[in-house]
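Asker: output the structure for:
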Amino acid sequence: MSKCEQCIIREFNSLKALTKEELIRITGCKTSKTIKKGELLFDEGEYINGVFCIKDGICKVSKMSDNGRDQIIHLIKKGDILGERSLINNEASNLKAVAVNDMEVCFIPKEEIIRDLENNTNFSMDILKKMANSLKKADDVIVDMAQKTVKQRLAATLLLLDSKFEKNANGSLDINLSREDIANIIGTATESAIRLLSEFKKKKLIDLKGKEIFITDIQALRDLSDGF
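Answerer: Sure, this is the predicted structure:
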């Protein structure tokens with residue numbers, strides 16, 4: 001079992017605010033898990049009873065709409081913590097999380113995190129800042145859905161992926177999303193997402209090779225996202 005106090009991943013999330021003694025205690029109670037591509041980390045209506053620290057891999061966090069369609073809200077990557085909101089409000093999750101690729105995660109029980117929230121002010125503030133930032137992003141999504149066209153939302157999503165994820169050796173984005181996933185991020189039909197991606201490719205804004213996406217004209221994407 002890897003030791004939390006020696007794990008570089010914690011430097012990318014709120015666990016960096018914990019003391020060495022607190023990290024040693026968490027090492028003794030956490031569980032490490034491998035989540036295969038397509039498997040659930042948790043489902044809507046489930047009580048998570050802890051938080052996930054993402055050691056490797058990517059998952060999509062989504063909510064089912066009234067018409068039975070998934071809306072992807074967040075993409076969670078290596079270094080992120082997942083599940084803290086349900087932990088704090090003590091309610092069942094209103095979202096589900098599914099692995100986009102094979103993942104390595106550590107699960108920390110609720111009672112251990114609550115203890116640190118109560119006793120470590122720096123940790124509590126860091127968690128609150130992360131949640132406030134998440135709410136700000138949710139506000140931006142609501143505005144974009146209401147005011148931007150689907151084409152603008154696709155451009156904005158590609159810019160987000162470019163800034164959030166590293167590049168592979170061949171220059172492609174280090175995340176392989178299906179066309180359905182992309183449609184569920186921008187809030188449109190899969191057929192519309194496929195058509196727009198092909199249009200972007202013809203205009204040389206991006207290149208596509210299977211699920212691989214290459215950003216070839218980032219300024220044009222910025223202009224399109226901004227409505228120019």
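
Asker: quick one: list the elements packing against the helix-or-strand element of the chain with minimal mean pLDDT.
Answerer: None of the helices or strands of the chain scores lower by mean pLDDT, DSSP states H and E than helix 84-89, at a mean of 80. Using 3 or more Cβ pairs under 8 Å, 6 or more residues apart in numbering; DSSP states H and E, the elements in contact with helix 84-89 are strand 50-56, helix 110-119, helix 121-147. In this view, the C-beta of every residue, glycine as well, is placed from N, C-alpha and C.

Asker: what sits up against it?
Answerer: 14, 47-48, 50-51, 92-93, 110, 113-114, 117, 127, 130-131, 134 (Cβ atoms under 8 Å, 6 or more residues apart in numbering).

Asker: buried ones in it, by neighbour count?
Answerer: Going by neighbour count (16 or more other Cβ atoms under 10 Å), the buried part of helix 84-89 is 84-88.

Asker: one more: stretch 57-65?
Answerer: 57-62.

Asker: spit out the contact partners of K37.
Answerer: Counted by Cβ under 8 Å, 6+ apart, K37 has contacts 99-102.

Asker: reformat these as TSV; add distance to L159.
Answerer: Listed next are the contacts of K37 as TSV, based on distance: Cβ to Cβ, whole Å:
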residue	distance to L159
A99	24
V100	19
N101	22
D102	27
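
Asker: among those residues, which two are most distant?
Answerer: Farthest-apart pair in these is V100 and D102; separation 9.3 Å (Cβ to Cβ).

Asker: domain parsing for the chain?
Answerer: The record's domain parsing of the chain by the TED database lists 4-141, 148-226.
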